[in-house]
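Undergrad: give me a 3D structure for the following:
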Amino acid sequence: MTWLVEKNRSWAEWAVARILRVGPVPRHLAVIMDGNRRYARKEHQDTLTGHTRGFHKLTEVLSWCRDLGINEVTAYAFSIENFKRPRHEVEGLMDLAAEKFAEVLEELEKLAKHGVCIRALGNLTLLPERVQQGVAEAVLATKDNDKYFINLAIAYTSREEIGTAMSELCRGVSEGQLQASDISEELLEKCLYTGGTRDPDLLIRTSGEVRLSDFLLWQSGFSCLFFTKVLWPEVTIWHLFGAIFYYQRHYHTLAEARRESLNVRQCMVEESDIDVCHAKFGEKVTAEHIAAQTCSRTERTDAFLKELYEKRINYLKKVCK
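TA: Residues are numbered from 1 along each chain as shown. Sure, this is the predicted structure:
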């Protein structure tokens with residue numbers, strides 16, 4: 001099995017793809033791969049077979065995304081809540097994960113050629129050691145590739161992610177790396193597991209469920225949400241075409257809402273800097289004071305984020321050893 005499926009498209013598929021690419025195409029696609037177990041029951045197969053088919057479908061979707069110009073995909077691979085499933089199913093999923101991450105190391109040259117970077121989102125310490133090691137090796141081996149990004153949410157929930165980010169910010173303040181006034185929506189966002197990545201433009205959930213199940217709750221605030229009844233292993237490129245067409249119909253409304261939100265966020269940061277200056281200098285605040293405050297805040301937050309990134313990379317290196 002390969003992570004990079006290469007398949008010839010029919011003339012009809014290429015025609016529709018070219019038409020869709022005339023309009024706005026999402027740069028970042030998020031998927032909740034729901035329906036693997038129902039597919040297995042439908043086909044009278046065991047549950048693990050359904051999950052295996054689900055992974056194969058993911059590799060197909062990745063190839064479709066490359067053809068369409070979508071260069072980032074985030075997939076909900078395993079929720080923290082999934083640990084509550086029957087033990088044999090969880091163990092089977094962990095074995096499957098270890099196998100698939102090991103396959104990354106067998107394809108490093110091919111992944112580098114296509115510029116594919118694999119990233120893991122979640123509390124990796126909850127995973128068995130063999131899976132942690134496989135994840136760490138795959139992430140470190142591909143981290144310098146910068147053309148296509150595959151983000152696998154494994155041992156992940158959005159609430160845990162936000163809680164972890166808040167804990168890191170509290171640590172930064174208590175250790176003197178940050179000031180309380182430095183904390184903002186923008187800084188919290190950069191401390192998430194997805195920090196440094198673009199928010200998803202389009203989020204697809206299969207199997208007919210109409211909920212996010214604690215997936216990218218923060219990041220999907222201005223995403224186009226597309227729900228379809230098809231089970232994940234049965235998804236075709238035509239379902240993806242339909243989702244992209246739906247995204248294009250709502251693109252301008254979502255883009256405007258996103259711009260307004262970013263403007264409001266920027267105004268809040270600027271007002272916070274002005275308030276800090278007033279607290280220090282009273283009414284004699286000058287443009288130079290505000291510029292100096294902005295510069296010092298930026299230096300502190302950049303240093304903190306760099307330290308946080310190195311902390312996460314060092315954890316991966318430690319796991320590999």
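
Undergrad: quick one, phi/psi of G23?
TA: phi -90, psi -180 (degrees, to the nearest 10).

Undergrad: the one 3 residues further on too?
TA: Recorded main-chain torsions at P26 are phi -60, psi 140, according to degrees, to the nearest 10.

Undergrad: okay, stretch 70-82 in PDB with CA atoms only?
TA: These are the backbone C-alpha positions of stretch 70-82, laid out as PDB (Å, rounded to 0.1, in the frame of the first residue of the first chain):
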ATOM      1  CA  ILE A  70      -5.800  21.400  -2.700                       C
ATOM      2  CA  ASN A  71      -2.400  21.300  -0.900                       C
ATOM      3  CA  GLU A  72      -3.500  20.500   2.700                       C
ATOM      4  CA  VAL A  73      -5.700  17.800   4.100                       C
ATOM      5  CA  THR A  74      -6.600  17.300   7.700                       C
ATOM      6  CA  ALA A  75      -8.200  13.900   8.500                       C
ATOM      7  CA  TYR A  76      -9.900  12.900  11.800                       C
ATOM      8  CA  ALA A  77      -8.100   9.600  12.200                       C
ATOM      9  CA  PHE A  78      -8.700   8.700  15.800                       C
ATOM     10  CA  SER A  79     -10.500  10.600  18.600                       C
ATOM     11  CA  ILE A  80      -9.600  10.400  22.200                       C
ATOM     12  CA  GLU A  81     -13.200   9.200  22.700                       C
ATOM     13  CA  ASN A  82     -12.400   6.200  20.500                       C
END
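
Undergrad: quick one: distance of that stretch to the chain centre.
TA: Stretch 70-82 has its C-alpha centroid displaced from the chain centroid by 7 Å (CA atoms, centre = their mean, to the nearest Å).

Undergrad: which stretches of the stretch 101-250 of the chain form helices?
TA: 108-114, 129-142, 158-174, 185-191, 237-281 (DSSP state H, counting those that start in this stretch).

Undergrad: hmm, who's touching the fourth one?
TA: Contacts with helix 185-191, where a contact means CB atoms under 8 Å, 6 or more residues apart in numbering, come from 162, 165-166, 168-169, 195-196, 218, 265, 268-269, 301, 305, 308. For every residue, glycine as well, the C-beta is placed using N, CA and C.
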